[in-house]
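S.K.: Quick one, fold the following:
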Amino acid sequence: MVTQEQRRRQLAREKFLRQQQRRTAARRKANVRNSVIGSVLGVILVGSVVSYATGVFKNDDSKANASAEVTPSASPSKAPDPCEKAAEGKVKSLSWKKEPAMTIDKSAKYEMKLATTCGDIDIALKTSAAPHTVNSFNFLASEGYLDHTKCHRLTTNGIYVLQCGDPKGTGMGGPGYTIPDENLKDKSLKNNTYPAGTIAMANTGQAHTGGSQFFLVYQDSQLPPSYTPFGTISASGMKVLKKIAAAGEATGQGDGAPNATVVINKATVTKS
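M.R.: Predicted coordinates:
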């Protein structure tokens, strides 16, 4: 027979365990919001050797960031792939030693179109606020660098982004050069939040380490202002992103390869 004292101790143990579980969950949530972006959205510098991070964002972790935890959901999503078959063609193996020379008109307006297997994503670029970034994508698009590349990572917990721009499709790729951070005081970045509809650069967690990887925000996401915001996604582009997000990601933990087969068939940058 259980005595009153034994019952009291049992209840105390159960209360302690619940407290520990809540604290663990809180730490995980904080990791996702405050440091996972360095691993979620990091890009590897060419020539560097970096271990893969948790999930599929794999470099997406920098040398300075430990692997981040995310709160698992009950089971991986089983949503069907909503996207079409990719266009014929292969990813080009290209690399450059230094940032391309400035060729854009900094005072002009430019637009980028990502023609993907899931639909077109049109983006109005912030040329004057992020000229190095816009110039770099203008160069990469003209070289066909992003054509036939997969968007390799989707996060659905804590932060809400689709990451693209890696020809390797692993989170480890880059163009061989880096560009400076820009526009980190953009008026849209309030309360450490990247609003839905933002396109921003990924990096290693260190300053001025952006290359070709970028992330598309489909829902307001709390992140430190360390990732160059360089454009705004159109309303039709947001519908495409939300369709991709609705299909979920492969691990069921809120951080992995998208279930939707998102391939950029063609990327173009045009002066408007």
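
S.K.: From here on, just use CA atoms for contacts and neighbour counts.
M.R.: Will do.

S.K.: how about the strands of the stretch 101-250 of the chain, start to end?
M.R.: Assigned by DSSP state E, counting those that start in this stretch, the stretch 101-250 of the chain shows strands spanning 110-116, 119-125, 149-150, 153-157, 159-164, 193-194, 198-201, 214-217, 221-222, 229-233.

S.K.: taking these together, which one is wrapped up most tightly?
M.R.: Using mean count of other CA atoms under 10 Å, the stretch among the strands of the stretch 101-250 of the chain with the largest mean neighbour count is strand 159-164, at a mean of 27.

S.K.: just the CA coordinates of that strand, formatted as CSV?
M.R.: Written as CSV, here are the backbone C-alpha positions of strand 159-164 (Å, rounded to 0.1, in the frame of the first residue of the first chain):
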residue,chain,number,x,y,z
ILE,A,159,11.1,30.2,-38.4
TYR,A,160,9.3,29.8,-41.7
VAL,A,161,11.5,29.9,-44.7
LEU,A,162,12.4,28.1,-47.9
GLN,A,163,16.1,28.1,-48.7
CYS,A,164,17.5,27.9,-52.2
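
S.K.: Give me the neighbour count for Thr261.
M.R.: Neighbour count of Thr261, defined by other CA atoms under 10 Å: 21.

S.K.: List the residues that contact it.
M.R.: Asp81, Pro82, Cys83, Glu84, Thr117, Cys118, Lys150 (CA atoms under 8 Å, 6 or more residues apart in numbering).

S.K.: just Cys151 next, same as before
M.R.: Here Cys151 is in contact with Leu162, Gln163, Cys164, Gly165, Asp166, Gly169, Pro258, Val262, Val263, Ile264 (CA under 8 Å, 6+ apart).

S.K.: let's see it at 10 Å
M.R.: Residues in contact with Cys151 (CA atoms under 10 Å, 6 or more residues apart in numbering) are 116, 162-167, 169-171, 213-215, 257-258, 260-264.

S.K.: Now render the strands of the stretch 101-250 of the chain as JSON lines, adding distance to Lys185 and mean pLDDT.
M.R.: Shown next, in JSON lines, are the strands of the stretch 101-250 of the chain (distance: least, CA to CA, whole Å; pLDDT from 0 to 100):
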{"stretch": "strand 110-116", "distance to Lys185": "21", "mean pLDDT": "98"}
{"stretch": "strand 119-125", "distance to Lys185": "16", "mean pLDDT": "98"}
{"stretch": "strand 149-150", "distance to Lys185": "30", "mean pLDDT": "98"}
{"stretch": "strand 153-157", "distance to Lys185": "24", "mean pLDDT": "97"}
{"stretch": "strand 159-164", "distance to Lys185": "20", "mean pLDDT": "98"}
{"stretch": "strand 193-194", "distance to Lys185": "12", "mean pLDDT": "98"}
{"stretch": "strand 198-201", "distance to Lys185": "13", "mean pLDDT": "98"}
{"stretch": "strand 214-217", "distance to Lys185": "17", "mean pLDDT": "98"}
{"stretch": "strand 221-222", "distance to Lys185": "15", "mean pLDDT": "98"}
{"stretch": "strand 229-233", "distance to Lys185": "9", "mean pLDDT": "98"}
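
S.K.: Need those in CSV (columns: distance to Trp96).
M.R.: Converted to CSV, the strands of the stretch 101-250 of the chain look like this (distance: least, CA to CA, whole Å):
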stretch, distance to Trp96
strand 110-116, 21
strand 119-125, 23
strand 149-150, 18
strand 153-157, 25
strand 159-164, 19
strand 193-194, 30
strand 198-201, 18
strand 214-217, 18
strand 221-222, 32
strand 229-233, 22
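
S.K.: To Ser95, which of those strands lies closest?
M.R.: strand 149-150 (14.9 Å; CA to CA).

S.K.: by contact count, what packs against that closest one?
M.R.: strand 159-164, strand 263-271 (3 or more CA pairs under 10 Å, 6 or more residues apart in numbering; DSSP states H and E).
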